[in-house]
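Participant: next one to model:
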Amino acid sequence: MPLVEVTYAPEIGEPVLRELGSVLPHLVSLAVVCPEEPYDGDLQPGDVDIRFRPFGPLDRGGLPVVIEVRSKWFESRAADRQDRVDRLHADLAAATGLADFGVYLSLPVAAWAQGD
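Facilitator: Coordinates of the predicted model:
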């Protein structure tokens, strides 16, 4: 279950954020697909969790949008993580038209549980 946090500058309009919210679940799922957690294209509640956060008054950075993806570590994911994040960045640019943004992929050792 990937967790996605999108931080954004004030000049990023709601239409762009809505588009990101629309395409991120599928594109993130493709980016982290692996034998241990296959992706069949049929996203269910709890499969991808996305949070949007505006930059705070003390935040600093050079990019107007930063997308952080955290997904459970598996060796098969870790082996090609740079290729995965590069593909995700390219896919997001193509789907949204964004050019000036960053994507950070983190693969922590983790566990997940949820109710029905």
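Participant: in the least confident helix or strand in the chain by mean pLDDT, what's buried?
Facilitator: Lowest on mean pLDDT, DSSP states H and E among the helices and strands of the chain sits helix 75-78, with a mean of 93. Neighbour counts using 16 or more other C-beta atoms under 10 Å place Arg77 of helix 75-78 among the buried residues. In this view, the C-beta of every residue, glycine as well, is placed from N, C-alpha and C.
Participant: show me what that helix is packed up against.
Facilitator: Using 3 or more C-beta pairs under 8 Å, 6 or more residues apart in numbering; DSSP states H and E as the contact criterion, no secondary-structure element is in contact with helix 75-78.
Participant: can you name the next helix or strand after the longest helix anywhere in the chain?
Facilitator: Assignment by DSSP state H gives helix 14-32 as the longest helix of the chain. Toward the C-terminal end, the helix or strand that comes next after helix 14-32 (DSSP states H and E) is strand 49-54.
Participant: let's see that next one as PDB, backbone CA atoms only.
Facilitator: Output in PDB follows, covering the C-alpha atoms of strand 49-54 (Å, rounded to 0.1, in the frame of the first residue of the first chain):
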ATOM      1  CA  ASP A  49      -3.300   6.700   0.100                       C
ATOM      2  CA  ILE A  50      -2.600  10.300  -1.200                       C
ATOM      3  CA  ARG A  51      -2.200  13.400   1.000                       C
ATOM      4  CA  PHE A  52      -1.900  17.000  -0.400                       C
ATOM      5  CA  ARG A  53       0.000  19.600   1.700                       C
ATOM      6  CA  PRO A  54       0.500  23.200   0.800                       C
END
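Participant: contacts for it next, please.
Facilitator: With C-beta atoms under 8 Å, 6 or more residues apart in numbering as the contact definition, strand 49-54 has outside contacts at 1-10, 17, 20-21, 24-25.
Participant: relative orientation of that strand and helix 14-32 in degrees?
Facilitator: 140 degrees (axes from the mean of the first three to the mean of the last three C-alpha atoms, to 10 degrees).
Participant: nice, that's everything, thank you.
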